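In: Make a model of this:
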Amino acid sequence: MEILLAIVVASAVIFFGALISMGNERQRRAIDGLREQVVLWAVQDLKIKREHLAYEVQVEDPLGWLNKTVTKVCGYYMNLQVVEALDEPQALICLTGEDNSRIFFSPLSPDDIRQIRQNKRSRLVRYASQNPLLSLPRNTISQELSSLNCGITFDLELALAWNGLTGKASERFDSLWMYMIE
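Out: Okay, here's the model as predicted:
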């Protein structure tokens, strides 16, 4: 009799455990669905806000915009001054106002630059001696500037500011990389 009672209790515990597990799984799927809906709503809301702001975006002072953006990312004012704009690959060379150290800005990520350097047959290799972006030292600090750390209209403002700073029309890019040599 005790064995039968132990089997019934064990079976009941296993049965209720299975029911609880199935209920938890159903709740997990429902919560995942809610999370996906919230993400889709947030993305759509951001798109609507950006569409309204896209018509109002202006960059009157490109260098001031760049200084403000870099200050927002780095946490301190660098007082950047443009030295030179390079074409192949696209880069903007600036000097800081405090210690005259050079900072490079480019739409190319560190991986893109590494790939250009390694590709010996690239037509950009002939510019390697002329473009300091392709000969950056290993201790260079890179920081990505994007809509995530610079504001929701960053990419819209970037196209206008880049054209104002370089004097050349360029395709629209979503992020800008900042390279600081230690």
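In: Quick check: pLDDT value at residue 17.
Out: Note on residue 17: pLDDT of 92.
In: so it, which of the three states?
Out: Put simply, residue 17 is helix when judged by DSSP: H, G, I helix; E, B strand; the rest coil.
In: for residue 168, same thing?
Out: coil.
In: Quick check: it touching residue 85?
Out: Yes: with contact defined as C-beta atoms under 8 Å, residue 168 reaches residue 85; the gap is 7.0 Å. Every C-beta, even on glycine, is put in place using the N, C-alpha and C of the backbone.
In: From the contact counts, what lies against the helix or strand encompassing residue 43?
Out: Taking DSSP states H and E as the definition, residue 43 sits inside helix 2-54. The contact analysis (3 or more C-beta pairs under 8 Å, 6 or more residues apart in numbering; DSSP states H and E) places helix 2-54 against helix 154-166.
In: List the residues that contact the residue nearest the centre of the chain.
Out: Closest residue to the average C-alpha location of the chain: residue 146 at 4.4 Å, with C-alpha atoms, centre = their mean. Contacts for residue 146 (C-beta atoms under 8 Å, 6 or more residues apart in numbering) come out as 154, 155, 174, 175, 176.
In: how close does it get to residue 81?
Out: Separation of residue 146 from residue 81 (C-beta to C-beta, to the nearest Å): 24 Å.
In: separation between the residue nearest to the centre of the chain and residue 79?
Out: Distance from residue 146 to residue 79, by C-beta to C-beta: 23 Å.
In: Run through the protein and note the low-pLDDT ranges.
Out: Scanning the chain for pLDDT under 70 picks out 119-131, 133, 169-171, 182.
In: Could you chop it up by domain?
Out: 1-56, 62-181 (automatic domain parsing).
In: related to what we said a few turns ago, export the contacts of residue 146 to JSON lines and tack on neighbour count?
Out: Output for the contacts of residue 146, formatted as JSON lines (neighbours: other C-beta atoms under 10 Å):
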{"residue": "154", "neighbour count": "21"}
{"residue": "155", "neighbour count": "18"}
{"residue": "174", "neighbour count": "11"}
{"residue": "175", "neighbour count": "16"}
{"residue": "176", "neighbour count": "23"}
